[in-house]
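K.L.:
build the 3D model from these lines:
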Amino acid sequence: MNFSDDRKLASYFIVISVLVITGLILWNTSLFLQRLKKDETTKIQIWAQNYIALNSESQDDYLDLSILIAGTNKSIPIIMTDADGEILKDLCSNLPAGIIDSPGELSSFLQDLKLKNQPIELDLKGSKQYIYYGNSDILRKLRYYPIAIALIIFLLIGVIYFFFTTSKAGEQNKLWAGMAKETAHQIGTPLSSLVGWNEILKTENVNPDYIVEIEKDISRLKMITERFSKIGSIPQLNNADIVVETKEAFEYLRLRSSKLINFTLKIPEKEIIVALNSQLYGWTIENLVKNGIDAMRGKGDLLITLTDDDKHVFIRVSDTGKGLPKSKFTKIFEPGFTSKSRGWGLGLSLAKRIIEEYHSGKIKVLNSELKKGTTFQITLNKA
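P.N.:
Sure, this is the predicted structure:
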């Protein structure tokens, strides 16, 4: 069992433990509230028996029970009515301030009490009276206690979940950064050798056009090495004309892609300055274009457009590929997600990181239709 499995088991154990503890707390709280409510009901029943005794013909009962009545109920709201439902104001107690002098509010309060508890019927010398009672202040307040506990526990679970997910994401970022830097390092050695061999070829009787093409590829390899070396570190942004940068990335990809791909570029004939890391921006365009080519299976139309407004510049890459369902519009930017049989599913996740984390921009699937194609949009701030 590796560290990742141990961490996963630990997170499961913590969450299950928290849920069990929450269940026990809520269960005990429920029992406590039921017991408290039962005690209050018993208190009202005692109060009713005292009242009956006070109205009996036995003076001894009056002397004995009058003391109990004085201290039996000081918190439970009570409204007494006669057999016809008329409120006996002199026998009401613990009501909200001022309500006894407001017939409308008093009647409304009585209706509320009727919904909370069954009334207690009193038989007094042939006439009947009814006691309607509610819950004490402490019982009303304690009813919100389980909700508060539940919210605290769920907040704790959320914090635990956030901790483990961010911890996992941090580890993944370190892993990708380490792999990228190691890749850059490994490419560096044969690249230096290629540069040396190219210099030797220049001294030989070799077609100059071959030398030019080799130098282009060497330059490209150097750029790729620099791209990978920047992963995991904060790249430097410089003011650059994004129209020129987009055109250069477009031309490079057009010349090295299948002739079955119909490339179209629509850009304005003006300078648009953006704080940019040219190498990483070119990498992003390359990833989007290659994603479109894969979606079209090497044949179709690919369009890059560039527009702007007062504050932003918008770069759109459109293809005529198989399209995406709306449920995958955000999922395709997750590391490891791929619909292809080959590849690691890192291209679009790297593009998202480059645009949103390094350039403070936005990248999204602007629109997509199955079997018709997809359009990605990059939004960057003007300098």
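K.L.:
which residue ranges of the stretch 1-150 of the chain form helices?
P.N.:
3-54, 59-72, 103-116, 137-142, 145-203 (DSSP state H, counting those that start in this stretch).
K.L.:
lowest mean pLDDT across those helices, which one is that?
P.N.:
Lowest mean pLDDT within the helices of the stretch 1-150 of the chain: helix 59-72, a mean of 43.
K.L.:
show me how far the helix or strand harbouring Ile211 is from its chain's centre.
P.N.:
Per DSSP states H and E: Ile211 is located in helix 208-230. Chain-centre distance of helix 208-230: 42 Å, with Cα atoms, centre = their mean, to the nearest Å.
K.L.:
cool, stretch 198-212 as well?
P.N.:
Stretch 198-212 sits 57 Å away from the centroid of its parent chain (Cα atoms, centre = their mean).
K.L.:
for the stretch 201-350 of the chain, give me the ranges with low pLDDT.
P.N.:
Residue ranges of the stretch 201-350 of the chain with pLDDT under 70: 227, 230-233, 336-345.
K.L.:
residue ranges of the helices in it, please?
P.N.:
Using DSSP H, counting those that start in this stretch, helices in the stretch 201-350 of the chain cover 208-230, 242-255, 278-295, 347-352.
K.L.:
and of the ones you listed, who's closest to Lys266?
P.N.:
Of all these, helix 242-255 sits nearest to Lys266, with 10.3 Å by Cβ to Cβ. (C-beta placed from N, C-alpha, C; glycine too.)
K.L.:
what packs against the closest one?
P.N.:
strand 261-266, strand 273-276, helix 278-295, strand 300-308, strand 312-319 (3 or more Cβ pairs under 8 Å, 6 or more residues apart in numbering; DSSP states H and E).
K.L.:
next, format these as JSON lines and append mean neighbour count.
P.N.:
Shown next, in JSON lines, are the helices and strands packed on helix 242-255 (neighbours: other Cβ atoms under 10 Å):
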{"stretch": "strand 261-266", "mean neighbour count": "14"}
{"stretch": "strand 273-276", "mean neighbour count": "19"}
{"stretch": "helix 278-295", "mean neighbour count": "21"}
{"stretch": "strand 300-308", "mean neighbour count": "18"}
{"stretch": "strand 312-319", "mean neighbour count": "21"}
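K.L.:
between these, which gets nearest to Ile99?
P.N.:
For Ile99, the closest of those is strand 312-319, at 61.1 Å, according to Cβ to Cβ.
K.L.:
show me what that closest one is packed against.
P.N.:
Strand 312-319 packs on helix 242-255, helix 278-295, strand 300-308, strand 373-381, going by 3+ Cβ pairs under 8 Å, 6+ apart.
K.L.:
starting at the chain centroid, how far to the first one?
P.N.:
Right, helix 242-255. Distance, centroid of helix 242-255 to centroid of chain: 37 Å (Cα atoms, centre = their mean).
K.L.:
between strand 261-266 and that helix, find me the angle.
P.N.:
Helix 242-255 runs at 170 degrees relative to strand 261-266, counting by axes from the mean of the first three to the mean of the last three Cα atoms, to 10 degrees.
K.L.:
try the last one
P.N.:
Computed by the same axes, to 10 degrees, the angle separating strand 373-381 from strand 261-266 equals 30 degrees.
K.L.:
chain center to strand 373-381: distance?
P.N.:
Using Cα atoms, centre = their mean, the offset of strand 373-381 from its chain centre is 23 Å.
K.L.:
can you list the residues that contact that strand?
P.N.:
Strand 373-381 is contacted by residues 242, 274-276, 284, 288, 291-292, 295, 300, 311-321, 323-324, 355, 359-368 when judged by Cβ atoms under 8 Å, 6 or more residues apart in numbering.
K.L.:
partners of it, with directions?
P.N.:
strand 312-319 (antiparallel), strand 362-369 (antiparallel) (DSSP bridges).
K.L.:
which parts of it are buried?
P.N.:
Across strand 373-381, burial judged by 16 or more other Cβ atoms under 10 Å covers 373-380.
K.L.:
hang on, the earlier thing: of the helices of the stretch 201-350 of the chain, which is nearest Ile79?
P.N.:
helix 347-352 (65.2 Å).
K.L.:
check which helices and strands the closest one sits against.
P.N.:
When contacts are defined as 3+ Cβ pairs under 8 Å, 6+ apart, helix 347-352 sits against helix 278-295.
K.L.:
and the helix it packs on, C-alpha only, in PDB?
P.N.:
C-alpha atoms of helix 278-295 as PDB (Å, rounded to 0.1, in the frame of the first residue of the first chain):
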ATOM      1  CA  SER A 278       5.600  34.500 -26.000                       C
ATOM      2  CA  GLN A 279       6.800  31.000 -25.700                       C
ATOM      3  CA  LEU A 280       4.000  29.900 -23.400                       C
ATOM      4  CA  TYR A 281       1.400  31.700 -25.400                       C
ATOM      5  CA  GLY A 282       2.600  29.900 -28.600                       C
ATOM      6  CA  TRP A 283       2.500  26.600 -26.700                       C
ATOM      7  CA  THR A 284      -1.200  27.300 -25.800                       C
ATOM      8  CA  ILE A 285      -2.100  28.000 -29.400                       C
ATOM      9  CA  GLU A 286      -0.300  24.900 -30.500                       C
ATOM     10  CA  ASN A 287      -2.200  22.800 -27.900                       C
ATOM     11  CA  LEU A 288      -5.500  24.200 -29.100                       C
ATOM     12  CA  VAL A 289      -4.700  23.600 -32.800                       C
ATOM     13  CA  LYS A 290      -3.400  20.100 -32.200                       C
ATOM     14  CA  ASN A 291      -6.500  19.300 -30.200                       C
ATOM     15  CA  GLY A 292      -8.700  20.600 -33.100                       C
ATOM     16  CA  ILE A 293      -6.600  18.500 -35.600                       C
ATOM     17  CA  ASP A 294      -7.100  15.400 -33.500                       C
ATOM     18  CA  ALA A 295     -10.800  16.100 -33.200                       C
END
